[in-house]
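1. sequence and predicted structure below; questions after.
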Amino acid sequence: MTLRMSPVRVWRERIPRYRLVGRECKKCGRRHYPPRPACPHCGSRELVDVELPQTGTVETYTVIYTVMDGFRDRAPLVIALVKLDDGTRVLAPITDAEPGEVKTGMRVEAVLRRIRRDGEHGVIAYGVAFRPALFSGRKADSQQQA
């Protein structure tokens, strides 16, 4: 029996920008996101793509009340610096939460969301955002309790 995946899922999963894929430096071992051609820490170009953890903690955040065209339907917009469980830091929007619900130290998980749309009939751009985690503990902690 052959399993078939929907064309949308195949397309979404084969493109790294729709998953949380960063880079790891072979020289210094540090990870960064988004992927860059050189390590921002040591300058090495010896990098490998790595799938990053999907969960982390909000280190700091800001609420943007005056937003550009294309984002007005999402105002106010919360942008957070998220420290992933492996220590990598990601700057991304917070979704599925009101600004007053977002707190420093809050556990979050990565999700795919619409980032913007170019006009009424234009291309829709998707990207990584974070939402409050379903479980407040780390993934390993919630698995141990099960």
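-> Received the coordinates, thanks. Residues are numbered from 1 along each chain as shown.

2. got the residue ranges for the helices in the chain?
-> Here the chain has its helices, by DSSP state H, at 7-14, 139-145.

3. so what are the domain limits for the chain?
-> Listed domain ranges for the chain are 1-52, 53-136 (source: automatic domain parsing).

4. and the longest one, how far out from the chain's middle?
-> What it means is domain 53-136. Relative to the chain's own centre, domain 53-136 is displaced by 7 Å; criterion: CA atoms, centre = their mean, to the nearest Å.

5. related to what we said a few turns ago, okay, the domains of the chain, which one's buried deepest?
-> Between the domains of the chain, domain 53-136 has the highest mean count of neighbours, a mean of 15, where neighbours are mean count of other CB atoms under 10 Å. (C-beta placed from N, C-alpha, C; glycine too.)

6. for the residue nearest the centre of the chain, give me its contacts.
-> When the chain is reduced to its mean C-alpha position, the closest residue under CA atoms, centre = their mean turns out to be residue 128, at 3.8 Å. Residues near residue 128 by CB atoms under 8 Å, 6 or more residues apart in numbering: 18, 19, 20, 90, 92, 110, 111, 112, 113.

7. from the residues you listed, which is closest to residue 33?
-> residue 90 (5.0 Å; CB to CB).

8. mind checking pLDDT for residue 47?
-> According to the per-residue confidence, residue 47 scores 97 in pLDDT.

9. actually residue 144, not the one I wrote
-> If you check residue 144, the pLDDT there is 38.
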